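Q: fold the stuff below for me.
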Amino acid sequence: MAAEALARAAGNGPDPLAGLQDLAVPPPPSWLPPEGPGWVLPGLLLLAALAWAGRRIGHWRRRTRYRREALAELEALAKAPAGPQALLAISALLKRTALVAYPREAVASLAGTAWRDFLCASGAPGFADAACDPLFESAYRAHCATDARERAALLGAARQWIRAHRAPRRDGRQ
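A: I've put the predicted structure just below:
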């Protein structure tokens, strides 16, 4: 017996691995979702959620389009040469933007200090800075100029207001 075991170990006997078979490998998973009625409801709910989110995003983009356009126009004004006309253009841009967001009777008649107070209260406290004074005086002085620091403060406050103001909702809620 010991001789038989030695002969097998030396490779002279029958092959011990000859009786083994290959492993059974499962088929690869399908790229389709599992079949059955249990996956229909979650799929429909997912589609409904995606449709709702797409509609909300589209509505938000339409509602805030005026902000993107105002910011683009402000960037164009920032590249324009400084002067009294630039101040008037910035003021007109802010007024047009406010007229889109707020009721006409609340914004159209504002000028000077009342206009500054409105801009500060509605989203841009940067307008309270003395460097922004030329914007509110330009309508009353023929030649109102700004230096680089004042211009940078004005443009920064205008950007801040365009981005941050919160327009009242049409249904009366805040």
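
Q: surely Asp115 touches Ala124?
A: Check again: residue 115 is Trp, not Asp. No: the criterion here is C-beta atoms under 8 Å, and Trp115 misses it with Ala124 at 11.6 Å. C-beta coordinates here come from the backbone N, C-alpha and C atoms, glycine included.

Q: okay, those two: which has more neighbours?
A: Ala124 (23 against 20; other C-beta atoms under 10 Å).

Q: who are the contact partners of the more buried one?
A: Ala124 is in contact with Ala157, Ala158, Gln160, Trp161, Ala164, His165, counting by C-beta atoms under 8 Å, 6 or more residues apart in numbering.

Q: where do the helices sit along this structure?
A: Taking DSSP state H as the criterion, the chain contains helices spanning 2-9, 40-63, 65-79, 84-101, 104-107, 112-121, 133-137, 148-164.

Q: among those, which is nearest Asp15?
A: The closest of these to Asp15 is helix 2-9. By C-beta to C-beta, the value is 9.3 Å.

Q: gap between the residue nearest to the spatial centre of the chain and Gly54?
A: Taking C-alpha atoms, centre = their mean, the centroid of the chain lies closest to Arg61, which sits 9.5 Å from it. Distance from Arg61 to Gly54, counting by C-beta to C-beta, to the nearest Å: 11 Å.

Q: same thing with Pro134?
A: Pro134 is 45 Å from Gly54, by C-beta to C-beta.

Q: neighbour count: those two, which is higher?
A: Ranked by neighbour count (other C-beta under 10 Å), Pro134 and Gly54 place Pro134 first, with 21 against 10.

Q: done for today, thanks.
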